[in-house]
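Q: Structural data only, the sequence is not supplied:
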């Protein structure tokens, strides 16, 4: 157990060092067994955070994303949080003015994260395999940059299914309705 944990910590350190040293525009911490975003990384990365445009934290064990994370990486254009245990986003997500793509698939959302509807640049929202029943269709329909919303494998209400199609101008991906027996 300790050896595996040590390997995970070393992998995170190596990936962060590579990003900092090369002044890369992305940080990939997928599959690192993270339960939270390591606080020490804020200090280590303080000189490069403005240049980070893509962060991948997929397939970790995150239960939440903090306000500090969002405000620190304010220039994000793409955020991949797929395959975690996240059930809500902080209000500060509304300050990610450059965000174009967010992947929240395979998490624990029961409610559509409505903060996303205020992001003018957002083009793609992936919420596949969550527990979402209701969706703010009218708000999504008014998002001019939005091109795709993936809601496959969510227990969407019949109301959402009926009203969504005529209102939207983007690709809305949904699983077929399950007939009631």
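A: In hand now; what should we look at? All figures in this text were calculated on a predicted structure; none of them were measured in a lab.

Q: packing partners for the helix or strand of the chain with the lowest mean pLDDT?
A: Lowest on mean pLDDT, DSSP states H and E among the helices and strands of the chain sits helix 2-22, with a mean of 81. Here helix 2-22 touches strand 26-28, helix 40-44, going by 3 or more Cβ pairs under 8 Å, 6 or more residues apart in numbering; DSSP states H and E. The way it works is simple: take the backbone N, C-alpha and C, and place the C-beta from them, glycine included.

Q: Quick check: which of the ones you listed is buried the most?
A: strand 26-28 (a mean of 17; mean count of other Cβ atoms under 10 Å).

Q: give me the number of residues near residue 61?
A: When counting by other Cβ atoms under 10 Å, one arrives at 12 neighbours for residue 61.

Q: Secondary structure class of it, three-state.
A: Look at residue 61: counting by DSSP: H, G, I helix; E, B strand; the rest coil, its state is coil.

Q: ok, back up a step: looking at the helices and strands packed on helix 2-22, which is nearest to residue 156?
A: Closest approach to residue 156 among the helices and strands packed on helix 2-22 (Cβ to Cβ): strand 26-28, 31.4 Å.

Q: what's in contact with that closest one?
A: By Cβ atoms under 8 Å, 6 or more residues apart in numbering, the surrounding residues in contact with strand 26-28 are 15, 16, 19, 45, 52, 53, 54, 55, 56.

Q: do the same with stretch 165-180
A: The contact list for stretch 165-180, computed with Cβ under 8 Å, 6+ apart, reads 128, 137-138, 140-141, 143, 146-154, 156, 158, 161, 164.

Q: what separates it from the chain centre, distance-wise?
A: 21 Å (Cα atoms, centre = their mean, to the nearest Å).

Q: Stretch 148-168 too?
A: Stretch 148-168 sits 19 Å away from the centroid of its parent chain (Cα atoms, centre = their mean).
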